[in-house]
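In: the following comprises the amino acid sequence and a computationally predicted model.
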Amino acid sequence: MKYSYYPGCTLRTKAKDLDAYARASAKALGLELEEITDWQCCGGVYPLGTDEIATKLSCVRALNAAKEKEQALVTMCSACHHVMKRVNDDMKNVEDIRTRANNYMELDEPYAGETEVLHFLEVLRDKVGFEELKKKVTNPLTGKKIGAYYGCLLLRPSKLLAFDDPENPKIIEDFIRAIGAEPVIYPYRNECCGGYISLKEKEMSKNMCEKIMESAEGFGAEMLITACPLCLYNLNKSTGASLPVVYFTEILAEALGVKEEVQK
């Protein structure tokens, strides 16, 4: 299976592990991630202003590049997935935005939201299948108690993102089971860590992170996994890492026996 791949700028700097472990894992699973050429930053935040077109054009360019290759577009970062999915919905369903965005672009034909946008976790669930993933595991993480930290960007707005149930998600827990570990379900796993206010409201963000960590620890988690670079940074920085927090791709690479290849 071949996919267009949008890594996003954080995976080139602070979140290199999220990218490197994903690429190694994809190869082990027989998936080909074909990085889009000359991609630009998605902006990191979905622009809510209906008159903001320029801030959406980098997403439109990436989405159209995948369309031209007749491939789905895969992301790893929660923020990139969130922004791409919402811009794609605009291009599909909001005529004014679609018309004005296409007027800026020099495309062979107008883009109208044709590309399927997938988070890598969705690829594992819906394209590979967790049962098939189990068969590929060479180093099951038996005995590890892992808490999934969803944050808010993967799940909301729920009807548009259609990622999982925003109140009771299970995709990451099912992923954890597939690689042989034990998922720990705790109340704060889908609460915001305060990442976007961490510079202006440091104490508030710190308190939000501490509640997440205390909730996970209280239910027996030994570590947390996430798909969001901002969440990982904020949880580690704000709490002093009372629990280790790593990217889901790292434990996937470990279970598939390719983690050491990345670390060389």
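Out: Alright, I've got the coordinates.
In: helix/strand/coil for C192?
Out: In terms of secondary structure, C192 is coil; the call rests on DSSP: H, G, I helix; E, B strand; the rest coil.
In: residue contacts, the nearest residue to it once chain neighbours are set aside?
Out: Excluding the flanking residues, the one nearest C192 by Cβ to Cβ, 6 or more residues apart in numbering is C152, at 4.5 Å. Just so you know, the C-beta spots here come from the backbone N, C-alpha and C atoms, and that holds for glycine as well. With contacts defined as Cβ atoms under 8 Å, 6 or more residues apart in numbering, the neighbours of C152 are N190, E191, C192.
In: same check, this time on T115
Out: Shown here is T115, whose contacts under the criterion Cβ under 8 Å, 6+ apart are S4, L63, N64, A66, K67, A72, L73, N88.
In: buried subset of the residues you listed?
Out: Judged by neighbour count, with 16 or more other Cβ atoms under 10 Å as the criterion, the buried members of the contacts of T115 are S4, L63, N64, A66, K67, A72, L73, N88.
In: what's the spacing between the second one and I53?
Out: To I53, L63 is 14 Å away according to Cβ to Cβ, to the nearest Å.
In: also the third one?
Out: Distance of N64 to I53, computed by Cβ to Cβ: 15 Å.
In: same check, this time on the first one
Out: In this structure, S4 and I53 are 23 Å apart, going by Cβ to Cβ.
In: ok, the last one next?
Out: Here the distance between N88 and I53 works out to 15 Å (Cβ to Cβ).
In: for the stretch 1-150 of the chain, just list every one of the strands.
Out: Counting by DSSP state E, counting those that start in this stretch, the segments of the stretch 1-150 of the chain that form strands are 2-5, 32-35, 73-75, 117-119, 145-148.
In: wait, which of those is closest to L252?
Out: Between L252 and these, the tightest spacing by Cβ to Cβ is seen for strand 145-148, at 11.5 Å.
In: now that closest one - C-alpha only, CSV.
Out: These are the backbone C-alpha positions of strand 145-148, laid out as CSV (Å, rounded to 0.1, in the frame of the first residue of the first chain):
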residue,chain,number,x,y,z
LYS,A,145,0.7,-1.0,31.3
ILE,A,146,0.3,1.9,28.8
GLY,A,147,-2.1,4.8,29.0
ALA,A,148,-3.3,6.4,25.8
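In: quick one: buried residues of it?
Out: Along strand 145-148, these residues count as buried under the neighbour rule (16+ other Cβ under 10 Å): K145, I146, G147, A148.
In: and the third one, what does it touch?
Out: Taking Cβ under 8 Å, 6+ apart as the definition of contact, the neighbours of G147 are P183, V184, I185, Y186, R189, A216, F219, A221, M223, L224, I225, L243.
In: quick check: closest non-adjacent residue to the third one.
Out: In other words, I185. Leaving out its chain neighbours, I185 is closest to E173 (Cβ to Cβ, 6+ apart), at 6.5 Å.
In: who's in contact with that neighbour?
Out: Taking Cβ under 8 Å, 6+ apart as the test, what E173 contacts is A148, P183, I185.
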